[in-house]
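**Q** got a predicted model here, sequence first, then my questions.
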Amino acid sequence: MAPEMFSGEPGNAATDIYALGVTLFRTFTGGFPYGNPDATTAPRLKRPRDLATLRPDLPAWLGVALGRAIALDPAERFADMAEFAGELEAGPAYAPLPVRRPPTLYERAPVRFWQAVAGLLGQALASSLWWK
């Protein structure tokens, strides 16, 4: 439940975004972001737990997007669900290029690779028959 709902405010788009952000945070970490034991109690922490600390394998931009969705102040959250969904679908504003490595022999010439493997296996078979 969004923090503003504890003071009696009705649900709106901001509370829905908060709920989805908490659900996603729970999906990734298994716990609530503000340390409360369940979804119906008030947040115990003033700041959410760091997603990068709990799940270092997740990208940093995801933590930023979820942090904005679960902000205690509704004015700091996304304006609407479409903006939140767009942020999640787009990913980071700047994605680093993947590290390029030279292609392996198998990637460059798979037929030659398997010919070489077959040749080595043929030689191994011939040598095993020779040494008997």
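**A** Looks like it arrived, so ask away.

**Q** can you tell me which residue is nearest the centre of this structure?
**A** In the chain, the centroid-proximal residue (CA atoms, centre = their mean) is L58; its distance is 4.2 Å.

**Q** could you look up the SS state of that residue?
**A** coil (DSSP: H, G, I helix; E, B strand; the rest coil).

**Q** please name every helix or strand in contact with the top helix by length along the chain.
**A** For the chain, the helix that runs over the most residues, judged by DSSP state H, is helix 110-130. With contacts taken as 3 or more CB pairs under 8 Å, 6 or more residues apart in numbering; DSSP states H and E, helix 110-130 sits against helix 105-108. Every residue, glycine included, has its C-beta placed from N, CA and C.

**Q** try 7 Å this time
**A** Applying 3 or more CB pairs under 7 Å, 6 or more residues apart in numbering; DSSP states H and E, we find helix 110-130 packed against no helix or strand.

**Q** F32 reaches R26, doesn't it?
**A** Yes - at 6.4 Å, F32 counts as touching R26 under the criterion of CB atoms under 7 Å.

**Q** between the two, which is the more surrounded one?
**A** More neighbours surround F32 than the other of F32 and R26, with 20 against 13 (other CB atoms under 10 Å).

**Q** any figure for the gap between that one and W61?
**A** 22 Å (CB to CB, to the nearest Å).

**Q** need the pLDDT of the residue nearest to the centre of the chain.
**A** At L58, the pLDDT value in this model is 88.

**Q** list the residues that contact P74.
**A** Applying CB atoms under 7 Å, 6 or more residues apart in numbering to P74 gives the contacts E4, A14.

**Q** would you list the phi and psi of it?
**A** When read as degrees, to the nearest 10, the backbone of P74 gives phi -60, psi -30.
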